[in-house]
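1. task: produce atomic coordinates for the following.
(one chain, ligands or ions: 2)
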Amino acid sequence: MKLFSTKKASPLVTFEEAIFQGLPPDNGLYMPESIPVLSSEFWDKVEGMSIQKIAFEITKAFFKDDLSDDVIQQIIDEAITFDAPLAKLNESLFCLELFHGSSMAFKDFGARFMASIMSYFLRKSDQKLNILVATSGDTGGAVAQGFYNKANISVTILYPKGKVSEIQEKQLTTLGGNISALEVDGTFDDCQALVKQAFLDLDLKSKFGLASANSINIARLIPQSFYYVYAYSRLKGLGKDIVFSVPSGNFGNLTAGLIAQKMRMPVKTFIAATNVNKVVPSFIESGEYLPISPSISTISNAMDVGNPSNFPRMESIFNNDINQFRSSIKGCYFTDGETKDGIKELKEKFDYLACPHTAIAYLGLKKYSTENSGSIGVFLSTAHFAKFLPDMEKVLGYTPQIPKRLSDLIGLEKSSSEIKASYDEFKEYLLQNLI
Ligand SMILES: Cc1ncc(COP(=O)(O)O)c(C=O)c1O
Ligand SMILES: N[C@@H](CCOP(=O)(O)O)C(=O)O
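-> Ligands and ions are numbered 1, 2, ... in the order given. Here you go, the predicted structure:
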């Protein structure tokens with residue numbers, strides 16, 4: 001499969017080139033030249049398939065020219081070691097739980113898949129690789145877990161100082177080994193801009209192998225389509241239209257849903273549910289794309305993104321046609337006060353505990369369902385609620401039970417280096433520390 005840059009000013013590349021380059025030289029984003037349509041035989045039989053089987057079939061559809069079946073199977077066996085259960089809240093309302101992986105966030109699908117595939121390609125050569133990744137909370141933890149101890153790979157994670165939860169911070173800063181963390185005095189968008197600048201820095205690129213583990217890297221997005229198809233497979237038998245509500249920040253998750261739709265997964269509509277960093281919902285309403293700078297801090301901190309990096313991919317999927325955009329995605333946004341009410345409502349009405357991001361997806365679906373009825377609603381739960389303990393305690397009025405995997409982190413000492421949001425300082429750090 002070949003990939004093109006959304007800016008159309010860079011040459012086509014192979015999948016291997018795209019994942020190791022991360023960003024095309026013209027600063028666009030790589031997209032597959034064509035998104036494979038899965039066969040009607042696949043869609044007929046999907047109901048009985050495990051998530052691993054679905055993952056295998058999707059990966060094969062994309063990469064049959066790049067990877068053998070045995071290698072694909074090996075990558076799936078290594079990466080997709082957990083499930084994505086659908087919790088039924090009532091006859092037409094389901095929560096797709098994406099937090100059963102190692103870092104307890106949906107990023108585990110993409111990060112583990114990417115770590116396996118990159119390790120496979122690296123084993124064929126003797127090269128060393130530096131992963132640079134920006135996080136507003138969850139990507140960093142998933143990438144740290146996914147790449148921990150992978151041979152010949154070093155990971156540098158940039159996160160905004162004071163803007164991630166304590167447990168999220170511990171996930172990024174306590175593994176050690178090949179994982180380092182940089183605490184940036186700025187916002188997530190500053191972290192993302194620093195990382196992007198490094199990928200375009202020819203001096204750095206001539207000295208080191210650099211790659212991205214953010215959703216700007218296409219290898220993160222394809223595995224995120226697995227769980228949409230899995231949810232569809234479990235709900236198909238109900239014979240109703242399906243609406244997916246996706247809590248969104250950088251819009252990798254929603255773009256992965258659009259990729260699943262392009263593969264012919266039937267979807268009635270997607271809901272792009274954000275916090276007050278409402279760049280995409282506002283774009284859907286007004287047709288104007290206006291980044292928010294600096295991004296606004298909220299209790300759904302992992303979605304505090306003022307310039308979503310996957311927006312050009314979404315535009316490319318819709319051929320830059322706002323009407324196509326509007327017919328596939330409905331936008332909505334919620335304040336912190338509304339988010340807290342959403343958490344309370346989920347607990348009181350359904351006895352279901354959800355993190356602030358998940359609550360936003362629930363609210364998005366609720367808003368849509370009051371105006372449209374008759375479909376099945378699925379809201380995506382993108383992280384375990386315990387990752388956001390202080391806010392959960394404030395909203396619920398008690399301390400919910402924390403999985404041991406997360407509570408064990410609290411006592412650990414963090415190890416990170418502080419930098420200003422300055423490219424010179426960042427580059428100096430990289431020159432001293434990359435492998
Ligand atoms: C818990 C959680 N929910 C939602 C999002 C937003 O996802 P995306 O950036 O793919 O839109 C993130 C961050 O990626 C997250 O960590
Ligand atoms: N919300 C993310 C921000 C980075 O998004 P990515 O999907 O592009 O890696 C986070 O949790 O770090």
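
2. how about the residues of the stretch 251-400 of the chain near ligand 1?
-> 251-253, 302-303, 357, 382-383 (Cβ under 6 Å from any ligand atom). Quick note: C-beta positions are derived from backbone N, CA and C, even for glycine.

3. switch the residues you listed over to TSV; also include secondary structure and pLDDT.
-> Shown next, in TSV, are those (DSSP: H, G, I helix; E, B strand; the rest coil; pLDDT from 0 to 100):
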residue	secondary structure	pLDDT
251	coil	98
252	helix	98
253	helix	98
302	helix	92
303	helix	95
357	helix	98
382	coil	98
383	strand	98
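
4. filter these down to the ones near ligand 2?
-> Okay, of these touching ligand 2 (Cβ under 6 Å from any ligand atom), that's 252, 302.

5. most neighbours of all the residues of the stretch 251-400 of the chain next to ligand 1, which one?
-> Taking other Cβ atoms under 10 Å as the neighbour criterion, residue 357 ranks highest of those with 32 neighbours.

6. so how many other residues sit close to the closest residue to that one other than its chain neighbours?
-> Spatial nearest neighbour of residue 357, excluding adjacent residues (Cβ to Cβ, 6 or more residues apart in numbering): residue 247 at 4.2 Å. Residues lying near residue 247 (other Cβ under 10 Å) number 33.

7. check residue 98 too.
-> Residues near residue 98, counting by other Cβ under 10 Å: 26.

8. swap in residue 404?
-> Residues lying near residue 404 (other Cβ under 10 Å) number 8.

9. and it, its phi and psi?
-> In this entry, residue 404 is assigned phi and psi values of phi -60, psi -40 (degrees, to the nearest 10).

10. from ligand 1, how far out is it?
-> 20 Å (Cβ to the nearest ligand atom, to the nearest Å).

11. do residue 143 as well
-> For residue 143, the distance to ligand 1 equals 11 Å [Cβ to the nearest ligand atom].

12. who touches the helix or strand hosting that residue?
-> Take DSSP states H and E as the rule and residue 143 turns out to sit in helix 138-147. Contact with helix 138-147 is made by 101-103, 105-108, 110-112, 114-115, 131, 133, 135, 153, 155, 157, 159, 164, 168, 171-172, 175, 178-179, 181, 213-215, 302, 382-383, 387, as judged by Cβ atoms under 8 Å, 6 or more residues apart in numbering.

13. in helices, which of the residues you listed fall?
-> Of the positions in these, 107-108, 110-112, 114-115, 168, 171-172 sit in helices, assigned by DSSP state H.

14. of the residues you listed, closest to residue 219?
-> residue 114 (4.5 Å; Cβ to Cβ).

15. still on that earlier bit, and which of the residues of the stretch 251-400 of the chain next to ligand 1 is nearest to residue 219?
-> Using Cβ to Cβ, residue 252 is the member of those that lies nearest residue 219, at 11.4 Å.

16. now do the end-to-end distance for stretch 10-25.
-> Start and end residues of stretch 10-25 are separated by 6 Å (Cα to Cα, to the nearest Å).

17. wait, I meant stretch 145-152
-> 16 Å.

18. give the buried residues for it.
-> For stretch 145-152, the neighbour count (16 or more other Cβ atoms under 10 Å) marks 145-148, 150, 152 as buried.

19. and it, does that touch ligand 1?
-> No - using Cβ under 6 Å from any ligand atom, we find that stretch 145-152 stays clear of ligand 1, coming within 13.8 Å at best.

20. and the average pLDDT for that stretch is what?
-> The average pLDDT for stretch 145-152 rounds to 96.

21. ok, stretch 35-45 next?
-> The pLDDT scores in stretch 35-45 average 97.

22. kindly format the C-alpha coordinates of it as CSV.
-> The C-alpha trace of stretch 35-45 is given here as CSV (Å, rounded to 0.1, in the frame of the first residue of the first chain):
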residue,chain,number,x,y,z
ILE,A,35,-8.9,2.6,2.1
PRO,A,36,-9.7,-1.0,1.5
VAL,A,37,-13.3,-2.1,1.4
LEU,A,38,-13.8,-5.3,3.4
SER,A,39,-15.5,-8.0,1.5
SER,A,40,-19.2,-8.7,1.9
GLU,A,41,-18.2,-12.2,3.1
PHE,A,42,-16.3,-10.5,6.0
TRP,A,43,-19.3,-8.3,6.9
ASP,A,44,-21.6,-11.4,6.7
LYS,A,45,-19.5,-13.4,9.1
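
23. pull out the buried residues from it.
-> Across stretch 35-45, burial judged by 16+ other Cβ under 10 Å covers 35-36, 38, 42-43.

24. of these, which is the nearest to ligand 2?
-> Nearest to ligand 2 out of those is residue 35 (Cβ to the nearest ligand atom; 19.1 Å).

25. residue contacts, residue 47?
-> Taking Cβ under 8 Å, 6+ apart, we find residue 47 in contact with 233-234, 236-237.

26. can you pull out the strands in this protein?
-> Counting by DSSP state E, the chain has strands at residues 2-5, 13-14, 30-32, 86-90, 93-97, 129-134, 153-160, 179-185, 210-212, 242-247, 269-274, 329-333, 376-381, 417-420.

27. excluding its backbone neighbours, what's nearest whichever residue of the stretch 301-435 of the chain sits closest to ligand 2?
-> Per Cβ to the nearest ligand atom, residue 302 is where the stretch 301-435 of the chain lies closest to ligand 2, at 3.8 Å. The shortest distance from residue 302 to any non-neighbouring residue, by Cβ to Cβ, 6+ apart, is to residue 137 (3.6 Å).

28. I'd guessed the one you found sits against residue 301; true?
-> Yes - the pair residue 137 / residue 301 is scored as a contact, 5.2 Å apart, by Cβ atoms under 8 Å.

29. tell me the residues of this structure that contact ligand 2?
-> 135-140, 214-215, 249-250, 252, 302, 309.

30. nearest to residue 48, of the residues you listed?
-> For those, the nearest to residue 48 is residue 252 (28.9 Å; Cβ to Cβ).

31. for that closest one, list the residues it contacts.
-> By Cβ under 8 Å, 6+ apart, the contact set of residue 252 is 110, 214-215, 220-221, 224, 309-310.

32. swap in residue 359?
-> If you count contacts by Cβ under 8 Å, 6+ apart, residue 359 has them with 300, 339-340, 342-343, 346.

33. hmm, which two among these are most spread apart?
-> The most widely separated members of the contacts of residue 359, counting by Cβ to Cβ, are 300 and 346 (14.0 Å).

34. the more surrounded of the two?
-> residue 300 (29 against 22).

35. count of neighbours near the closest residue to the more buried one other than its chain neighbours?
-> Spatial nearest neighbour of residue 300, excluding adjacent residues (Cβ to Cβ, 6+ apart): residue 356 at 4.1 Å. For residue 356, the neighbour count with other Cβ under 10 Å is 28.
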